[in-house]
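Asks: Quick one: sequence and predicted model below, then my questions.
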Amino acid sequence: MREEFLAHLEDATEEYVSMGYLREQSMEMAIKDFGDANMLRKEVVFMLKNRLRNVQLLVWLFLALTVVSFALTGVLSLDIRELDPFHTAEAWDTLKSIFFSSLLLTLATWIWSRRMKQRITQ
C-alpha cells in the first residue's frame with residue numbers, strides 16, 4: 001500500500017512538472033516542502049477537479065455545437081425548395097457531418113469526465 005502510494009505520489013509530481021507547476025530540478029524538494037503526503041494528495045485532487053471542470057465545460061460546448069448544427073439542419077430542410085439542389089445537398093452533407101462529429105465529441109468528453117470523476121473519488 002505504501003509503495004503504491006509513493007508511486008502515485010511520484011506520478012503526480014511528474015504531472016505537476018509536465019504542466020509547468022514545478023521545475024524538474026525541484027521535484028525532490030517539492031515532496032519535502034509539502035511535508036505531509038496528505039497535503040500533496042489534496043493538491044492533486046484540486047488539480048484534477050479543475051481539469052474535470054474544464055472537461056465538463058467542453059461537454060457543454062460540444063453539446064451546444066450539436067444543438068446548433070441540428071437546428072441548422074432543420075432550417076435547411078425547410079428551405080430546400082428555394083435553394084439550388086446541388087448546393088443544398090452539399091450543405092446538407094456538411095451539416096450532417098458537423099452534427100454527428102459534434103455528437104461523438106460530446107459523448108467522448110462526457111465519458112472522459114465520468115472517468116475523471118471516478119478517479120477523483122477513489
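Replies: Here it is on my side, so go on.

Asks: mind checking the longest helix of this protein?
Replies: helix 37-78 (DSSP state H).

Asks: By mean pLDDT, which helix or strand of this protein comes out lowest?
Replies: Within the chain, no helix or strand scores below helix 27-34, which has a mean of 58 by mean pLDDT, DSSP states H and E.

Asks: Tell me the helices and strands packed up against the next helix or strand after the longest helix of the chain.
Replies: Following helix 37-78 in sequence order, the next helix or strand is helix 85-121 (DSSP states H and E). Helices and strands touching helix 85-121, as assessed by 3 or more C-beta pairs under 8 Å, 6 or more residues apart in numbering; DSSP states H and E, comprise helix 37-78. Any C-beta I mention is one placed from the backbone N, CA and C, and that applies to glycine too.

Asks: who does the helix it packs on touch, helix- and strand-wise?
Replies: helix 2-18, helix 27-34, helix 85-121.

Asks: and those, which one is worst for confidence?
Replies: Comparing mean pLDDT across the helices and strands packed on helix 37-78, the weakest is helix 27-34, with a mean of 58.

Asks: what pLDDT does N50 get?
Replies: pLDDT, read off for N50, is 79.
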